[in-house]
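Colleague: my questions concern the predicted model and sequence given below.
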Amino acid sequence: MIRVNKVRAGYGDGPDILQGIDLTASGGEIVTILGPNGCGKSTLLKCIAGFVRPRGGAVEMEGRDVSAVPVHEKVKNHRMGFVPQTDNVFSTLTVADNILLGARHLPVAERNERYAELMAQYPSLASKQERKASALSGGERQILSLARALISNPKVLLLDEPSAGLSPLMMHEVFAAIAEIRDRTGMCIVMVEQNAFEALGVADRAYVLSLGKVAIEGRAADLLADPAMRHLYLGGEPPAAEGKPRFAAV
Amino acid sequence: MVQFVVDVLIRAVDLALIAIGLSSVYSLIRFPNVALVQYATTGALLALGLQMAGLPLVVAAIAACALVGIIAVVLNVVVFERLLRAGSAIAMVGSLALSMVFSAIFLVTAGPRPKRFELEINPPLRFLGARLTEHQLISVGISALAIGVFALILFRTDLGRCMRATATNSVLASATGIDTRKVTNTVVFLSGVMAALGGIGLSVKGEMSAQLGLDMLLPVFAAAILGGLGNALGAAVGAVVIAAAETMVTNVNFGPLFGESVLFIPAAYATAASFLLLVVVLLIKPYGLFVSEVKRV
């Protein structure tokens, strides 16, 4: 579904933030991208989405090179949904307008059908359809941003730190909603996260970045269980002497 | 009193058209385009030229508005998009420089002497004791209609929702499938059309000169800032307030207040009065009367 092939990218005249990244993500799986601040997680997601154009390498969606395709075209023509980390709702528009904006390119009947489905799926939004998005809580905004991205029935969903700024309870609800979307739709979900433990709890596979390169990749469950990984990237206790990595270091 | 209201309306609608254009573009590309006031002069001069070439004034005005809209888009793509990469301050200075270039072109092509449209001269109409000419009535009606149409587009159409979404958060708008560049250029086109219509309206009611745009610069900016820069319809209210201040200075007889039969403030103080009002309002409400969508984010 998504294939990132030796991508290099940066901003302006600055150095490469991504230094030859390889990544794949398929339908029906959640792939999470982890790593310390400044390692290039969000830049990689922006590169896949089309906000940042790669300086080298390629981003492919369903076998087609989409490195130079702008974001709005990917949303319309490649059925991609994107949820930014902050400012992820149009605060001056109503909840209904926020969601319906994501379905402008769909036929009216399909748009109305999808809207009704989402209202049934997320009752907390259904009762606030005519309210301004600025009146919603942090968790409700995150659900609203998910609903906006989902209304066009995307094949690929990109999430930039969906748990940012949420309480532990809301974070749990948002991750549960993301896992439910994968299970119900078979969507390909790529998610950048700071809360590594929680992200690995719902993800199928993970990439851990360090200084713009993939340092570790593997099954989420393996990474979560590995003491070295916990120590190096997840802030856990140092590994015991006999502990050996069970993941593929790159 | 009725005459005062009529005079305020006559002045306000043209100011409002240009100020709405300025504020709308600001909400999307985050810099106040000084050259916008020169689009008003361009519209008036083009309409005059087309009328002199034999077109009826209505047709000439429509063609001039469309041409100015196209010129605005071309300048946005060729000049301002590039300048904005260096920052909004650079883009604003660039728009000031472009404004001076416009002035020079107007002087060379149209000359320094004021000009008028060829219009029939009719006796003024009477409305509740107030006087206004047929041309003023038509001009005010067309301008008010244009403002109404713009408000409908903004709040009742898909384009309007895209404009408000892009103004609120352009990154999210892109991620929602909105072609933000296309939306911006559509708004730039509309702002050019409205500025041209404002310039034509002003010229129909009086005369036009190469100086028309620069004369409008300060009142238009005052109206846009007063209404909350970036808030299009706030700019329309700001225009009414500025027009009321200017009209009060120039039209109201202050004699009875000072025991004189007649005492008018010189017209040269009109701009000073509107700016005094602007300063007072901004001291109380620093972001203008209506906080813009841009500021609310």
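Modeller: On my side now, so go ahead.
Colleague: tell me where the stretch 1-150 of chain B has helices.
Modeller: Using DSSP state H, counting those that start in this stretch, the helices found in the stretch 1-150 of chain B span residues B:2-29, B:36-52, B:57-75, B:81-84, B:88-110, B:134-156.
Colleague: next: chain A.
Modeller: In chain A, the helices defined using DSSP state H lie at A:41-49, A:71-77, A:95-101, A:108-121, A:123-126, A:138-150, A:168-185, A:196-202, A:220-225, A:227-233.
Colleague: from the contact counts, what lies against the shortest one?
Modeller: Judged by 3 or more C-beta pairs under 8 Å, 6 or more residues apart in numbering or on different chains; DSSP states H and E, helix A:123-126 is in contact with helix A:108-121, helix A:138-150. The C-beta positions use only the backbone N, C-alpha and C, and glycine is treated the same way.
Colleague: residue A:200 is in contact with residue A:218, isn't it?
Modeller: No: counting by C-beta atoms under 8 Å, residue A:200 does not reach residue A:218; the two are 10.3 Å apart.
Colleague: I'd like the distance between the residue in chain B sticking out farthest from the centre and residue B:45.
Modeller: What lies farthest from the middle of chain B is residue B:259; by C-alpha atoms, centre = their mean that is 38.5 Å. For residue B:259, the distance to residue B:45 (C-beta to C-beta, to the nearest Å) stands at 47 Å.
Colleague: returning to what we had before: what would the helices and strands packed on helix A:123-126 look like in a markdown table with distance to residue B:97?
Modeller: Below are the helices and strands packed on helix A:123-126 laid out as a markdown table (distance: least, C-beta to C-beta, whole Å):
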| stretch | distance to residue B:97 |
| --- | --- |
| helix A:108-121 | 46 |
| helix A:138-150 | 41 |
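Colleague: of those, flag the one that's most buried.
Modeller: Using mean count of other C-beta atoms under 10 Å in any protein chain shown, the stretch among the helices and strands packed on helix A:123-126 with the largest mean neighbour count is helix A:138-150, at a mean of 23.
Colleague: need the residues that contact that helix.
Modeller: Residues outside helix A:138-150 that contact it (C-beta atoms under 8 Å, 6 or more residues apart in numbering or on different chains): A:81-84, A:88-89, A:95, A:98-99, A:101-102, A:118, A:121-122, A:124-125, A:128, A:133, A:136, A:157, A:162, A:165-167, A:170, A:173-174, A:177-178, A:181, B:175-176.
Colleague: quick one, which of those residues are buried?
Modeller: Neighbour counting with 16 or more other C-beta atoms under 10 Å in any protein chain shown marks A:81-84, A:88-89, A:95, A:98-99, A:101-102, A:118, A:121-122, A:125, A:128, A:133, A:136, A:157, A:162, A:166, A:170, A:173-174, A:177-178, A:181, B:175-176 as buried within those.
Colleague: low-confidence ranges in the chain?
Modeller: Let's take chain A. Applying pLDDT under 70 to chain A flags the ranges A:228, A:231-250.
Colleague: my bad, the chain I had in mind was chain B
Modeller: Confidence mapping of chain B against pLDDT under 70 gives the ranges B:291-297.
Colleague: same thing but at 80, please
Modeller: B:1, B:121-122, B:128, B:252, B:267-268, B:270-271, B:273-274, B:290-297 (pLDDT under 80).
Colleague: can you pull the residues of it lying near chain A?
Modeller: B:158, B:161-162, B:164-165, B:168-169, B:171-180, B:293, B:296-297 (C-beta under 8 Å from any C-beta of the partner chain).
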